Structures are given as structure tokens and as C-alpha cells.
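A.B. asks: Just need the structure, nothing else, for what follows:
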Amino acid sequence: MVENLRYKSVFDIIGPVMVGPSSSHTAGAARIGKIVRSIFGDLPDQLEIHLYESFAKTYRGHGTDVAIVAGVLGMDPDDPELPNSAKLAYEAGMEVSYVLHLDEQTDFPNTARLVCHKGHKTMAITGVSLGGGLIKVTELNGFEVSIFMGMPTFITVQRDVPGVISKVTTILRENEINIAQMNVTRTAKGDKSIMIIEVDTTQNVDAASEDMKKIPELYDATFFM
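C.D. replies: Below you'll find the model as predicted:
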């Protein structure tokens with residue numbers, strides 16, 4: 001089902017509207033940055049960008065460095081200010097550092113791991129560029145996940161105890177939000193677990209998010225689209 005959502009129109013097959021030069025290294029990188037900003041929920045004070053394989057080898061030449069920063073600033077791949085993102089990040093008070101993993105192999109050649117810091121809040125997110133501007137998030141704070149930017153999505157982190165899933169799905173039902181796809185992953189029994197819930201509407205999502213945050217067992221609830 002997810003695979004069908006990756007191509008919405010002929011324009012997705014031709015390629016994204018973007019500031020070049022590369023759909024994988026520039027447009028895809030900007031989208032990774034933007035989804036990381038959406039999941040993190042704030043502009044980080046500090047941003048560590050870890051680049052692997054081809055991202056690490058060509059990151060400046062293909063604009064991967066400025067594209068990721070632009071995405072974290074909230075820019076789209078076609079934003080004309082994308083090449084100036086380093087300057088804009090500095091003006092916004094975001095400190096950016098790069099770590100190149102030239103000899104470390106990954107499952108995808110275009111891989112970036114972003115570590116966001118703001119006060120006491122830290123989040124590590126790994127994203128990969130699949131080509132043509134398409135991306136996938138593969139890791140979130142140590143959890144193996146699979147998130148495409150294809151549908152509105154809730155992400156919750158909670159204690160792995162009975163009843164939490166029921167409480168979350170009840171809130172969605174009460175707000176008339178239909179679940180399209182749901183995935184639950186945990187580190188260990190009774191430890192932390194994470195839910196990725198793709199839905200087919202954006203109506204009532206703010207109310208649902210606020211209701212979820214009142215669940216005692218939930219550490220965090222985020223919605224992005």
C-alpha cells in the first residue's frame with residue numbers, strides 16, 4: 001500500500017521541482033531535513049549532520065549540505081533561498097556541524113543521520129534519499145521505522161504496557177480519524193515502544209494530538225504531513 005503512495009502523479013515520476021543540481025542529493029536531502037524538522041517539532045539549537053557513502057563523498061558538490069539545512073529551516077526543495085541556508089541557519093541561531101562517514105557502509109548509499117538538540121530535548125533521525133526526490137525515514141531514536149512522506153502521520157513514543165494502543169486508537173475514533181496503516185515497534189518488553197500511524201485525513205488532528213498528550217503512558221505525540 002505504501003508503495004502505491006510514493007508516486008502521486010506523472011510529475012513525481014519525471015522528478016521534483018527543485019533548486020538543483022540533483023534530485024537525490026539536493027531535493028531528497030531537503031525533504032529529509034524538512035521531515036526531521038517536522039518530527040522534532042522545533043528549530044534545533046544544534047544540528048549534527050552525519051553523512052554516509054555517496055552523501056558523504058559529494059555533499060558539497062551536489063548541495064547536500066545546504067539542502068539538509070534548508071529542509072530543517074522549513075524550506076521546500078524549490079525554495080530560491082536554499083543555497084543561502086547556512087547563512088540563514090546562523091541568523092536563526094542554529095549551530096550546524098557535519099560528520100562524514102566515508103568508509104562506513106549503509107543499506108542505502110544516500111543516507112543522512114540528523115541529531116537535533118534543543119535544551120534538554122535530543123532526537124536522532126536517519127533518512128535516506130531513494131531517487132527522484134523520494135525519501136524514507138529508517139530510524140528514530142534507535143527505533144527501526146519506515147516512514148514515507150506519503151500520508152498524514154502520527155508518531156507516538158510510550159511505555160510498552162497494556163492498554164496504550166487502545167487509548168490512542170480510541171482518541172482517533174472519537175475524532176473521526178481513520179487509520180490507513182499502523183506499525184508498532186519496541187526496544188524490549190516493558191520498555192519504550194513507538195507507533196507510526198498513517199491516517200487519511202488532516203481534520204481534527206490538532207485535537208487528537210492534544211488528547212494523546214494527556215495519556216500518562218505517552219512520552220511524546222507528534223503529527224506531521
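A.B. asks: Rounded mean pLDDT for the helix ranked longest in the chain, please.
C.D. replies: Longest helix in the chain, counting residues (DSSP state H): helix 28-40. Mean pLDDT, helix 28-40: 88.
A.B. asks: Which phi and psi values does residue 208 adopt?
C.D. replies: phi -60, psi -40 (degrees, to the nearest 10).
A.B. asks: neighbours around it, how many?
C.D. replies: The number of residues packed around residue 208, counting by other Cβ atoms under 10 Å, is 22. Using the backbone N, CA and C atoms, a C-beta is placed for each residue, glycine as well.
A.B. asks: elements contacting the very next helix or strand once past the longest helix of the chain?
C.D. replies: As assigned by DSSP states H and E, the chain's next helix or strand after helix 28-40 is strand 46-52. In terms of contacts (3 or more Cβ pairs under 8 Å, 6 or more residues apart in numbering; DSSP states H and E), strand 46-52 is packed against helix 64-72, strand 95-101, strand 110-118.
A.B. asks: what's downstream of the first one, the next helix or strand?
C.D. replies: If I follow you right, that is helix 64-72. Next helix or strand after helix 64-72 toward the C-terminus (DSSP H and E): helix 85-92.
A.B. asks: tell me which residues of that next one are tucked away?
C.D. replies: Applying a neighbour-count criterion of 16 or more other Cβ atoms under 10 Å, one finds 85, 88, 89 buried in helix 85-92.
A.B. asks: Next up, the contacts around the last one.
C.D. replies: Shown in contact with residue 89 (Cβ atoms under 8 Å, 6 or more residues apart in numbering): 47, 69, 72, 73, 96.
A.B. asks: Can you pull the domain assignment for the protein?
C.D. replies: Taking automatic domain parsing as the domain assignment, the ranges for the chain are 2-147, 153-224.
A.B. asks: okay, those domains, which one's buried deepest?
C.D. replies: The highest mean neighbour count among the domains of the chain, using mean count of other Cβ atoms under 10 Å, belongs to domain 2-147: a mean of 18.
A.B. asks: any idea how far that one is from the chain center?
C.D. replies: The chain centroid and the centroid of domain 2-147 are separated by 8 Å under Cα atoms, centre = their mean, to the nearest Å.
A.B. asks: same thing with stretch 215-225?
C.D. replies: How far stretch 215-225 lies from its chain's middle: 15 Å, per Cα atoms, centre = their mean.
A.B. asks: returning to what we had before: and of the helices and strands packed on strand 46-52, who's closest to residue 54?
C.D. replies: The closest of the helices and strands packed on strand 46-52 to residue 54 is strand 110-118. By Cβ to Cβ, the value is 5.7 Å.
A.B. asks: still on that earlier bit, and the helices and strands packed on strand 46-52 as a markdown table, adding distance to residue 218 and mean pLDDT?
C.D. replies: A markdown table is the format used below for the helices and strands packed on strand 46-52 (distance: least, Cβ to Cβ, whole Å; pLDDT from 0 to 100):
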| stretch | distance to residue 218 | mean pLDDT |
| --- | --- | --- |
| helix 64-72 | 25 | 94 |
| strand 95-101 | 30 | 96 |
| strand 110-118 | 20 | 96 |
